[in-house]
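1. got a predicted structure plus its sequence, pasted below:
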Amino acid sequence: QVELVESGGGLVQAGGSMRLSCAASQRTTQTYGLGWYRQAPGKEREFVAAISRLGINTYYSDSVKGRFTISKDRADNTVYLQMNSLKPEDTAVYYCAAGTSAPTVQAGSVHYWGKGTLVTVSS
């Protein structure tokens, strides 16, 4: 059973920063590519970022490139999403995702989802 547990969401002002965490088992972080998706109210879920199993390769959507950074701590089996220069349009529920590889997660082939954490960016 693959379990992904997100944390770190909340309310932040525009221009601020926030870090999300996705905790998983060692087997999960070593087996799957991991990433983040988000879903804003009234919109479809969209890809945000992904990281390879070894944490070497990263992938980003154009809307967050240069502002968000995905990383993996292999010691504590956690994937992080550091979000800087936040904008009101970043407001969404952020979901941790696991798939065969980081590119397939980016392409939308996600095998497992977390329950999500809400990020609200005020203007």
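-> Arrived safely.
2. what segments of this structure are strands?
-> Ranges of strands in the chain, per DSSP state E, are 5-7, 10-13, 18-23, 33-39, 46-51, 58-60, 68-73, 78-83, 92-99, 112-113, 117-122.
3. redo these as a markdown table? Include mean neighbour count and distance to Val105.
-> No exception for glycine: its C-beta is placed from N, CA and C like everyone else's. Putting the strands of the chain into a markdown table (neighbours: other C-beta atoms under 10 Å; distance: least, C-beta to C-beta, whole Å) gives the following:
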| stretch | mean neighbour count | distance to Val105 |
| --- | --- | --- |
| strand 5-7 | 16 | 15 |
| strand 10-13 | 12 | 25 |
| strand 18-23 | 20 | 12 |
| strand 33-39 | 24 | 4 |
| strand 46-51 | 23 | 4 |
| strand 58-60 | 18 | 8 |
| strand 68-73 | 18 | 11 |
| strand 78-83 | 22 | 11 |
| strand 92-99 | 23 | 4 |
| strand 112-113 | 16 | 10 |
| strand 117-122 | 17 | 18 |
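4. just put those in CSV and tack on mean pLDDT.
-> Shown next, in CSV, are these (pLDDT from 0 to 100):
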stretch, mean pLDDT
strand 5-7, 97
strand 10-13, 98
strand 18-23, 98
strand 33-39, 98
strand 46-51, 98
strand 58-60, 98
strand 68-73, 96
strand 78-83, 98
strand 92-99, 98
strand 112-113, 98
strand 117-122, 98
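5. I'd say Gln82 and Thr69 touch.
-> Yes. Under the criterion of C-beta atoms under 8 Å, Gln82 makes contact with Thr69 at 4.5 Å.
6. how about the spatially most central residue of the chain: what's its closest non-neighbour residue?
-> Central residue of the chain (C-alpha atoms, centre = their mean): Trp36, 2.5 Å from the mean position. Excluding its sequence neighbours, the residue lying closest to Trp36 (C-beta to C-beta, 6 or more residues apart in numbering) is Val48, at 4.3 Å.
7. who touches the one you found in this structure?
-> Val48 makes contacts with 35-38, 60-61, 64, 68, 81, 94, as judged by C-beta atoms under 8 Å, 6 or more residues apart in numbering.
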